[in-house]
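>>> This is a predicted model, with the sequence first.
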Amino acid sequence: MGIADLRTEYESAGLDVYDVVASPVEQWLRWYADAVAAGAYEPNAMVLSTVDENGHSDARFVLVRGVDERGFAFYTNLKSDKSRELEQAPQAALTFGWLELHRQVRVRGHVIAGSPEDADAYFASRPRGAQVSAWASPQSEEIESREWLEARAAEIEARFNGQVVPRPPHWGGWRVVPFVMEFWQGRPNRLHDRVRYTREGVGTWRIARLSP
């Protein structure tokens with residue numbers, strides 16, 4: 001069977017403007033809870049889309065690590081491609097896909113740097129191996145081999161042997177503050193349901209139904 005021949009018929013319950021709550025973040029949290037309950041794999045995975053200095057688009061999966069009315073927080077190497085792109089063009093798009101439930105959420109927003117305090121707290125919660133890798137990996141840079149990377153990780157582990165691994169100065173967080181969020185629910189015959197929130201003021205959102 002070819003790619004063009006694949007078909008999945010969505011038999012999900014519907015979604016309308018009357019079914020959602022006033023806050024899109026609260027609606028996201030409800031759908032996230034549904035995804036967790038359904039056993040979705042990596043339910044906090046999202047595609048982060050950015051643009052580089054030449055206006056070329058870029059995208060990658062990252063894990064969201066905090067969601068509240070302030071926005072969507074994630075953490076990374078601050079010298080990575082994604083961080084450099086966010087510094088020069090501080091806007092981003094996020095895409096969440098919970099395919100088990102035939103659901104998708106799209107987010108567009110402004111991007112701000114996360115606080116050092118939040119970065120410290122999250123870094124301290126990471127497994128030690130992940131803490132070591134944050135020091136060892138020059139993210140997005142060319143390296144000579146896997147062996148070089150593993151040797152560098154061993155050097156970092158030896159440096160902090162018997163000590164708490166501190167947060168590297170080049171590692172921190174970003175927060176996407178949404179101004180548009182769209183909830184997509186798959187329905188039969190490709191007549192999908194789409195509900196869009198558009199920010200109109202502080203804590204105020206316009207909710208509309210979109211054609212699929």
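Good, I have the coordinates. Numbering: from 1, shown residues only.
>>> what's the spacing between stretch 174-192 and its chain's center?
14 Å (CA atoms, centre = their mean, to the nearest Å).
>>> Pull out the buried positions in that stretch.
Under the neighbour-count criterion of 16 or more other CB atoms under 10 Å, stretch 174-192 has 174-178, 180-187, 192 buried. C-betas here are computed from N, CA, C, even on glycine.
>>> Correct me if wrong: residue 20 contacts residue 207.
Yes - using CB atoms under 8 Å, residue 20 is in contact with residue 207, at 6.6 Å.
>>> Please enumerate the shared neighbours of these two.
Residues touching both residue 20 and residue 207 (CB atoms under 8 Å, 6 or more residues apart in numbering) are residue 195.
>>> can you pull out the strands in this structure?
Using DSSP state E, the strands found in the chain span residues 45-51, 57-63, 66-68, 71-77, 91-98, 103-113, 171-185, 193-201, 204-210.
>>> Now the last one: average pLDDT?
Predicted confidence along strand 204-210 averages 97 (mean pLDDT).
>>> got the angle for it vs strand 193-201?
For strand 204-210 against strand 193-201, the angle by axes from the mean of the first three to the mean of the last three CA atoms, to 10 degrees is 160 degrees.
>>> quick check: angle from strand 204-210 to strand 171-185?
50 degrees.
>>> Give me the contact list for strand 204-210.
By CB under 8 Å, 6+ apart, strand 204-210 touches 16-17, 20, 22-24, 182, 193-200.
>>> make it 7 Å
With contacts defined as CB atoms under 7 Å, 6 or more residues apart in numbering, strand 204-210 is touched by 16-17, 20, 22, 24, 194-200.
>>> Out of the residues you listed, which end up buried?
20, 24, 194-199.
>>> From residue 183, how far off is the closest residue to residue 83 other than its chain neighbours?
Counting by CB to CB, 6 or more residues apart in numbering, the nearest residue to residue 83 once its immediate chain neighbours are dropped is residue 76, at 6.1 Å. Distance of residue 76 to residue 183, computed by CB to CB, to the nearest Å: 26 Å.
>>> Equivalent analysis for residue 135, please.
From residue 135 over to residue 183 (counting by CB to CB), the distance is 39 Å.
>>> Now do the same contact list for residue 185.
For residue 185, the contacting residues are 12, 14-15, 102-103, 192-193, by CB under 7 Å, 6+ apart.
>>> partners of the residue nearest the centre of the chain in the sheet?
For the chain, residue 46 is the residue whose C-alpha lies nearest the centre (CA atoms, centre = their mean; 3.8 Å). Beta bridges link residue 46 to residue 62 when assigned by DSSP bridges.
>>> One more: residue 58?
Bridge pairing for residue 58 - DSSP bridges - gives residue 50.
>>> contacting residues around it?
Applying CB under 7 Å, 6+ apart to residue 58 gives the contacts 50-52, 81, 85.
>>> for stretch 79-91, what is the average pLDDT?
Average pLDDT, stretch 79-91: 97.
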